[in-house]
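A.B. asks: Build me a model from this:
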Amino acid sequence: EFDISIFDISSKKNLLKVINIDLLKWVSEFFGINLEWLLNRTDVMYKIENFDKFQVSFFRLLNSLSKDSVFEISVIKICDLKKNDTNAQKQIVYPIVRVKLMELNNRTIYKNILINYYLWDYRRSRIDFKTVIYMLMHKHVCYYKSSIRMKGYTKKEDVSYYDFQKGLVSYDNLILQYQGLSWYPEDYIENA
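C.D. replies: Reported below is the predicted structural model:
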């Protein structure tokens, strides 16, 4: 589509000659990278998809992925989740949709789609997130898959989710730290 040859990517000098805004937009969309980050206008590498109060749009995204893509949903929490309706904004869950793009040199290349966080302390936000879990568990979403399970991970204090959003911490480093500390979001859908 962009008529780029092996020669064009053989050096930074050659690559800089063929880079244009259309190519950067394509890279941004294909890999889920913030275009403003590629243009060096922000330090935030991943854009956040905001589906706050618009779960149907989130389900449309998942349905668009479910036919042709292999993907999983991980949810990072920062502490134990307890219902208290304080809106203190301390009990936060961060969903990440991870889409397999390709295999390259014995490595799997993924696209990370960061979803707006949910405030577990806040009743409306908690119900919205539980709705997402319920719809995925009971096969009301993702027409081409039997069901989607979310994998839960608890974030430790020494790793920042925002460092991941900025590209300073890789997904693998974020998740590897939590092996054995998994939780299951579907365990939390009872009693809003």
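
A.B. asks: List the buried residues of the helix or strand containing Val99.
C.D. replies: Assigning secondary structure by DSSP states H and E places Val99 in strand 92-104. If you call a residue buried by 16 or more other C-beta atoms under 10 Å, then strand 92-104 has these buried ones: Ile92, Val93, Tyr94, Pro95, Ile96, Val97, Arg98, Val99. Quick note: C-beta positions are derived from backbone N, CA and C, even for glycine.

A.B. asks: Please state the backbone phi and psi of the residue lying closest to Met137 once chain neighbours are set aside?
C.D. replies: With C-beta to C-beta, 6 or more residues apart in numbering as the criterion, Met137 has its nearest non-adjacent residue at 5.2 Å, and that residue is Glu186. Per-residue torsions, Glu186: phi -70, psi -20 (degrees, to the nearest 10).

A.B. asks: Next, count neighbours for Glu186.
C.D. replies: Neighbour count for Glu186, taken as other C-beta atoms under 10 Å: 17.

A.B. asks: Lys47 too?
C.D. replies: 17.

A.B. asks: Please tell me how far it sits from Lys13.
C.D. replies: 29 Å (C-beta to C-beta, to the nearest Å).

A.B. asks: again, but for Phe58
C.D. replies: For Phe58, the distance to Lys13 (C-beta to C-beta) stands at 42 Å.

A.B. asks: what does Glu72 give?
C.D. replies: Distance of Glu72 to Lys13, given as C-beta to C-beta: 39 Å.

A.B. asks: Neighbour count: those two, which is higher?
C.D. replies: Using other C-beta under 10 Å, the more surrounded residue of Glu72 and Lys13 is Glu72, with 14 against 7.

A.B. asks: nearest residue to the more buried one other than its sequence neighbours?
C.D. replies: Spatial nearest neighbour of Glu72, excluding adjacent residues (C-beta to C-beta, 6+ apart): Arg98 at 5.3 Å.
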